[in-house]
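Peer 1: requesting a structural model of the entry that follows:
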Amino acid sequence: MRYIIHLLPAEGQRRAYDDARARLAVAIGHNRALDYPTAHITLVWAIQDAPADPAPIARDALLAILERWRASGALPLMVREPVDTREHLLLPLADTPALATIRHELYLAAQRAATGPAGDRADRAERVREQTWPHLTLAQEIDAARWERGMALLAREDAELLRAPMLGTELALVARDIDAGGAYRIVGRVPLAG
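Peer 2: A predicted model of the protein is given here:
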């Protein structure tokens, strides 16, 4: 299994970002951002078992990590100035102290979970990554021409959405069964707001 910990925007915002992702896909074609079930901010990634691992990472342990943050408070997020990323259409976000704290603590806890109950899987723990450059991805792994078309579409149809402050309201554990070739799906959610 491969797991990722996402921060989800408030439901209305998430739907608006999902609509923008869908419009982009119509205009520029399918892209990897659509591999994920909803718009999100990645906090921790590369939480992954080896193929056919006899002692896989415990999903319950990962869900317990998220539970620690239940009702801890929604995270206000400010959109920064656009950045030319050329292969991805992103909304760069300010890395606030609150966001950095929750992300880093989730990262450390995910590393501990990846080591397994006996603590003998340091190789898995070393592969876990913290996403220290916060952003929301609208399109991923595209060429320069598709990026230009996408940016023009966003500027025309989503200019206000791209500047509006965002509110992170839920943590989500996303999983994909790599061996079976499955799609990413949300396997657990924890609300940050009380």
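Peer 1: got the contact list for Tyr184?
Peer 2: Residues in contact with Tyr184, defined by CB atoms under 8 Å, 6 or more residues apart in numbering, are 4, 35-37, 174-176. (C-beta placed from N, C-alpha, C; glycine too.)
Peer 1: likewise Gln13?
Peer 2: 164, 166-167.
Peer 1: what do you get if the cut-off is 6 Å, keeping everything else the same?
Peer 2: Met166 (CB atoms under 6 Å, 6 or more residues apart in numbering).
Peer 1: need the longest strand for this protein.
Peer 2: When the chain is scanned for its longest strand (criterion: DSSP state E), the result is strand 166-176.
Peer 1: strands paired with that one, and their directions?
Peer 2: strand 2-9 (antiparallel), strand 75-77 (antiparallel), strand 185-191 (antiparallel) (DSSP bridges).
Peer 1: could you dump those strands to JSON lines with mean neighbour count?
Peer 2: Below are these laid out as JSON lines (neighbours: other CB atoms under 10 Å):
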{"stretch": "strand 2-9", "mean neighbour count": "24"}
{"stretch": "strand 75-77", "mean neighbour count": "20"}
{"stretch": "strand 185-191", "mean neighbour count": "15"}
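Peer 1: just say helix, strand or coil for the most centrally placed residue in the chain.
Peer 2: Centroid-nearest residue in the chain: Thr42, 2.5 Å away (criterion: CA atoms, centre = their mean). Judged by DSSP: H, G, I helix; E, B strand; the rest coil, the three-state class of Thr42 is strand.
Peer 1: rewinding a little: would JSON lines of the strands paired with strand 166-176 with distance to Leu93 and mean pLDDT be doable?
Peer 2: Below are the strands paired with strand 166-176 laid out as JSON lines (distance: least, CB to CB, whole Å; pLDDT from 0 to 100):
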{"stretch": "strand 2-9", "distance to Leu93": "10", "mean pLDDT": "98"}
{"stretch": "strand 75-77", "distance to Leu93": "5", "mean pLDDT": "97"}
{"stretch": "strand 185-191", "distance to Leu93": "20", "mean pLDDT": "98"}
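Peer 1: mind putting the ones you listed in JSON lines, distance to Glu141 included?
Peer 2: As requested, the strands paired with strand 166-176 are arranged in JSON lines below (distance: least, CB to CB, whole Å):
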{"stretch": "strand 2-9", "distance to Glu141": "16"}
{"stretch": "strand 75-77", "distance to Glu141": "24"}
{"stretch": "strand 185-191", "distance to Glu141": "20"}
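Peer 1: by mean pLDDT, which helix or strand of the protein comes out lowest?
Peer 2: Counting by mean pLDDT, DSSP states H and E, the chain has its least confident helix or strand at helix 159-163, which shows a mean of 85.
Peer 1: residues contacting the nearest residue to Asp95 once chain neighbours are set aside?
Peer 2: Distances taken as CB to CB, 6 or more residues apart in numbering put Pro134 closest to Asp95, at 5.3 Å, once the chain neighbours are dropped. If you count contacts by CB under 6 Å, 6+ apart, Pro134 has them with 41, 93, 95.
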